[in-house]
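Enquirer: what shape does this take:
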Amino acid sequence: MSDNTQIEWTDATWNPLRGCTKISPGCTHCYAETFAERFRGVPNHPYEQGFDLRLVPEKLSAPLEWRRPRRIFVNSMSDLFHEDAPAEYIARVCDTMRAADWHTYQVLTKRADRLHAMLNGPLVDHARLPHIWWGVSVENRKYGLPRIDLLRDTPAAVRFLSVEPLLEDLGTVDLTGIHWVIAGGESGHRARPLDPEWVRSLRDQCAAAGVAFFFKQWGGRQKKKNGRVLDGRTWDEIPSFN
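Expert: Numbering: from 1, shown residues only. Presented below is the predicted three-dimensional model:
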């Protein structure tokens with residue numbers, strides 16, 4: 001676990017899986033892959049195997065060891081619902097989240113079809129726990145909007161969207177049953193551009209629907225310089241379910 005994450009909308013990260021594979025345009029310039037591949041072949045480094053998918057069972061109990069409550073981003077360097085992750089192992093990760101219930105968990109996936117199947121099946125009891133938040137990535141209309149529909153059709157107590165990198169205008173988004181939206185642009189030297197009007201449209205739809213809105217970053221080649229101010233202020237809304 002990392003208690004010093006620079007991800008603005010969480011406090012810590014926990015990676016009981018490492019590595020992933022690309023499935024949609026939002027994956028093209030994956031920050032996690034870029035980071036992990038720097039260490040491929042470095043003996044005894046956590047990413048000695050680069051970004052190859054692997055289970056990390058020695059990290060399963062990590063949240064139980066942190067006594068101070070935190071918001072924990074689950075698998076910032078992977079995808080819990082990856083098609084090659086065994087269902088039994090996913091259940092063990094979720095059992096840890098259920099046991100260490102003083103934390104709030106933010107589970108984000110692009111594999112919304114598998115999330116849908118498992119939250120409506122073997123993980124139905126975990127889905128209903130308010131300290132476990134379930135989210136999907138939304139980068140464009142073609143791939144992102146169907147993921148929202150799949151997330152909505154689950155018994156999840158808390159549902160959120162990570163609209164990052166936002167690659168196009170999403171148009172009208174059905175936010176029924178959604179509690180939180182994070183939006184942001186892509187960062188890095190190959191970053192694809194973010195139009196401010198795309199962000200404003202999403203922000204205004206969230207306001208109209210009563211959905212918390214968090215603007216993470218403009219991104220680009222100079223992420224820090226570009227900042228995260230939108231129309232004269234930052235947008236840092238995070239829902240509370242205490």
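
Enquirer: where's the closest residue to residue 61 other than its chain neighbours relative to residue 63, distance?
Expert: Leaving aside its sequence neighbours, residue 61 sits nearest to residue 96 (C-beta to C-beta, 6 or more residues apart in numbering; 6.5 Å). C-betas here are computed from N, CA, C, even on glycine. Residue 96 sits 6 Å away from residue 63, going by C-beta to C-beta, to the nearest Å.

Enquirer: likewise residue 86?
Expert: For residue 86, the distance to residue 63 - C-beta to C-beta - is 20 Å.

Enquirer: the more surrounded of those two?
Expert: The neighbour count for residue 86 versus residue 63, taken as other C-beta atoms under 10 Å, is higher for residue 63 (23 against 9).

Enquirer: residues in contact with the more buried one?
Expert: Residues in contact with residue 63 (C-beta atoms under 8 Å, 6 or more residues apart in numbering) are 1, 14, 72, 96-97, 100, 103, 105.

Enquirer: what of residue 159?
Expert: Residues in contact with residue 159 (C-beta under 8 Å, 6+ apart) are 133-135, 151-152, 177-180.

Enquirer: and these as CSV, adding neighbour count?
Expert: Converted to CSV, these look like this (neighbours: other C-beta atoms under 10 Å):
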residue, neighbour count
133, 23
134, 27
135, 26
151, 23
152, 16
177, 13
178, 21
179, 19
180, 21
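
Enquirer: pLDDT below threshold where in the chain?
Expert: Along the chain, segments meeting pLDDT under 70 span 1-2, 242.

Enquirer: show me where it has its helices.
Expert: Ranges of helices in the chain, per DSSP state H, are 31-37, 62-65, 87-99, 112-119, 124-127, 141-152, 196-209, 223-226.

Enquirer: over to the residue lying farthest from the centre of the chain: give its phi and psi.
Expert: Largest separation from the mean C-alpha position in the chain: residue 43, at 29.1 Å (C-alpha atoms, centre = their mean). Per-residue torsions, residue 43: phi -60, psi 130 (degrees, to the nearest 10).

Enquirer: look up how far residue 54 lies from it.
Expert: Residue 43 is 16 Å from residue 54, by C-beta to C-beta.

Enquirer: same deal with residue 143?
Expert: With the distance defined as C-beta to C-beta, residue 143 ends up 25 Å from residue 54.
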